[in-house]
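Enquirer: okay, sequence plus prediction incoming.
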Amino acid sequence: MIFRFEVGLRALTAVFLLVFAPVFSSAQLTAADTRWNDSFREWVLYGPEEREIGQLYLRSPFDDNWLAWVIELGEYNGQARQTWPGKPDAWEIRYAT
């Protein structure tokens, strides 16, 4: 399934969280936190009772490419990437079970 959407840069994180909630109905997302204090490249996703339910991380962490992400949430795996180069408000999410 493919989702395409456009958002402002300030709302990008909120949109990621809001998009995942209805799509992944088997996993209830309640919080997100960076895995390391000095890096935004890896995120841990939490469900009820502060249980880790997934992660979000850069597809190529060593290339410093912030345009492609890997999503692992419960039994769902997918990718999020910027739809068009130079347009930071348009993203595409693809996932599979």
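Expert: Received, thanks.

Enquirer: so what strands line up beside the strand or helix carrying Arg81?
Expert: According to DSSP states H and E, Arg81 maps onto strand 76-82. The partner list of strand 76-82 in its sheet, established with DSSP bridges, is strand 68-73 (antiparallel), strand 90-96 (antiparallel).

Enquirer: okay, buried residues for the shortest one please.
Expert: By that I understand strand 68-73. 69-71, 73 (16 or more other CB atoms under 10 Å). Where you see a C-beta, it was placed from the backbone N, CA and C, and this is true even at glycine.

Enquirer: phi and psi next, for Glu49.
Expert: Note on Glu49: backbone dihedrals following degrees, to the nearest 10 are phi 60, psi 30.

Enquirer: Leu56 belongs to a strand?
Expert: Yes - with DSSP: H, G, I helix; E, B strand; the rest coil as the criterion, Leu56 is part of a strand.

Enquirer: who touches it in this structure?
Expert: Contacts for Leu56 were tallied using CB atoms under 8 Å, 6 or more residues apart in numbering; they are 16, 32, 42-43, 45, 69-72, 80.

Enquirer: flag the least confident of those.
Expert: Ranked by pLDDT, the contacts of Leu56 bottom out at Phe16, which scores 58.

Enquirer: dig out what the residue nearest to Trp43 when sequence neighbours are not counted forms beta bridges with.
Expert: Spatial nearest neighbour of Trp43, chain neighbours left out: Leu56 (4.2 Å); criterion: CB to CB, 6 or more residues apart in numbering. Going by DSSP bridges, Leu56 is paired in beta bridges with Trp43, Ile71.

Enquirer: now Leu56: how far from Ser39?
Expert: 13 Å (CB to CB, to the nearest Å).

Enquirer: what's the answer for Arg94, then?
Expert: If you measure Arg94 against Ser39 using CB to CB, the figure is 25 Å.

Enquirer: same question for Trp84.
Expert: Where Ser39 is concerned, Trp84 sits at a distance of 26 Å (CB to CB).

Enquirer: how about Gly86?
Expert: Relative to Ser39, Gly86 is positioned 25 Å away (CB to CB).

Enquirer: and for Leu29?
Expert: When CB to CB is applied, the distance between Leu29 and Ser39 equals 21 Å.
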